[in-house]
Structure formats: C-alpha cells, structure tokens
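# got a sequence here, can you model it:
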Amino acid sequence: MRWEFKNLLRFPILELLVAISVYQSMLLTTTASSGLSEGSDWNWIIERTIGAITTFYGHQVVSLYVPQVFAGVIFASIGIAYEIEAEFVKVSLSHPIKRRDLFLGKFACYFLTSFLLLTGALFFSMFIQNWSVALGILAFPVGIVKILGLLLVQTFFIVSVATAIATFSKSTAISFIVSAAVLYLPYYMFEFAQVKLSFVPPESVRLFWMYLFFENSFWKQYTLSTLVEATVVPVFMALAMLLISFFYFTRRYDVR
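Numbers count the residues shown, from 1 in each chain. Just a heads-up that it's a prediction; the model follows:
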C-alpha cells in the first residue's frame, strides 16, 4: 500500500481537492439559494440549530457523486487497467508479493484516497461557505458520523464498480469510458430523466440520508423494503463485484 500511495502522488491530489472544494462551495451557494426543501433557504437554515445545518450538509453528499465518480474512475483506470495493459503487474508479481495482497492493496489505496479526498473537499467547502458554521458543526459528532457514513457507502460503491471494470477490461481507455458511463447513468436518470433507482447511488444515498436525518418523515413515505434497497442492496452489489474481480485477479488472471 505504501508503494500505491506513492504512485498516487503522480496525480495532482491537492489541485483536485481545491477544485472539488470550490465546485462544492459554489454548489452549496446555489442549493442554499434555491432551498433545501420547499419553503427553505439559507437564511432559514442559519436561523435554525447547527443540527439543521448539519442535516443540510449531509444532503450535499449526494451532490458529491459526480466528483467521486471522476476520482474513482481515474484512480482505478490508471492504477489497475493501465498497469495491466502496460504489464507493470507482471513486474510487481515478479517480486515476493501475493496476488491477493497486490489487489487488496490497490483497492484499499484507491478507496481511502477517494474517501479522504472527498471528505476533505466537503469540509473545506463548508469553511469556504461559512467558517463559523463549519466550526459549529464540529460540536455535533453524531451528525459528522452520519455524513461520513453516507460518504463511505457512496465511495465504496463507486470504487468497487470502477475496480471491477478496470480489472476485467485490461485497457485504460475502455476502463475509463465504461466505468464513467456505468456510474454516471444513475446520476443522469436521477437528475435529468427523473427516474429514481433506489438501489444505487445517488438515489440510494439520498434515501439513506432521509432515513438518518428525518426518520419519521421517511417512514411516512417509504417502507422497509425501500430502506433495504437503499442500504443493503448497493453495498451487496459493490461487494459482489469486488469479490468477483478479486477472485478473477487472484485465480484466473494470466500474467504470462
């Protein structure tokens, strides 16, 4: 993992952090001005407790979906597909390292990097938006844990799908195009086609957010099956894809 983290330093991580933070800060301003919900605006949120503001920022995890897709697809495509395509994997396996450790090290590295990058961008955008409010949110650890939990689930899904596609494609271009298309499609349907797929992000994360912050309202609109679809199903799908690609890489992949 140490080597993988060093390898990731080739990417402009700091520049990505700043760019995503600015993007999210602009998005927060737009969202706040348009309203968190019907009859809600930024002034209304400020007048409420910090807990309400934490709820507002928790919802912004959904808007981080596209930047997360961008980061996860790049990391997986270049870190896995490119190295397989360029036969760098053969060089790595020529050293006393197990395939299992190589695969898990790569996945863990990309998962942690994506998660920390987007976590930093989200909280940094809070300080750009309103530093006093951001400091106040730190006094609500439960709200922070909920926000990080939503981000964790979303990151796991994205990186798992991107890793599986990169492993099977063995081509940087194909991995990037297919991963971006597969992961962006639910967002397109969510935002533009008004078709909400409750079993994949970003809709599943939105439903999970509603359950965590507005449990009573959630149960008035949805059933237990919807909660399972929004929480268990995406994690199961991501885990299944990860395990399939893991067994393929460790058992079937031919490095000769």
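# what about residue 86, neighbour count?
Around residue 86 sit 11 other residues, with neighbours defined as other CB atoms under 10 Å. Placement of C-beta: from N, CA and C, glycine included.
# got phi/psi on it?
Phi and psi for residue 86, reported as degrees, to the nearest 10, are phi -90, psi 0.
# now swap in residue 195 and tell me
When read as degrees, to the nearest 10, the backbone of residue 195 gives phi -110, psi 120.
# got a pLDDT number for the residue lying closest to it once chain neighbours are set aside?
By the measure of CB to CB, 6 or more residues apart in numbering, the closest residue to residue 195 outside its immediate chain neighbours is residue 189, 4.2 Å from it. As predicted, residue 189 sits at a pLDDT of 85.
# distance of residue 189 from residue 238?
For residue 189, the distance to residue 238 equals 18 Å [CB to CB, to the nearest Å].
# tell me which helix or strand comes right after the strand or helix carrying residue 164.
Using DSSP states H and E, residue 164 sits in helix 141-169. Per DSSP H and E, the first helix or strand lying C-terminal to helix 141-169 is helix 172-191.
# let me know the angle separating that next one from helix 141-169.
140 degrees (axes from the mean of the first three to the mean of the last three CA atoms, to 10 degrees).
# any low-confidence regions in the protein?
Within the chain, the stretches with pLDDT under 70 are 1-14, 25, 27-57, 129-139, 254-256.
# the same query, at a cut-off of 50, please.
Residue ranges of the chain with pLDDT under 50: 32-47.
# how far away is the residue nearest the centre of it from residue 234?
Centrality entry for the chain: nearest residue to the mean C-alpha point is residue 155, 2.8 Å, by CA atoms, centre = their mean. Relative to residue 234, residue 155 is positioned 12 Å away (CB to CB).
# same check on residue 95?
According to CB to CB, residue 95 stands 36 Å off from residue 234.
# same question for residue 219.
Plainly put, residue 219 is 20 Å away from residue 234 if you go by CB to CB.
# what about those two, which has more around it?
A direct count of neighbours by other CB under 10 Å for residue 219 and residue 234 places residue 234 higher, at 26 against 13.
# and that one, how far from residue 241?
Taken as CB to CB, the span from residue 234 to residue 241 is 11 Å.
# what's the answer for residue 179, then?
Using CB to CB, one gets 11 Å for the distance from residue 179 to residue 241.
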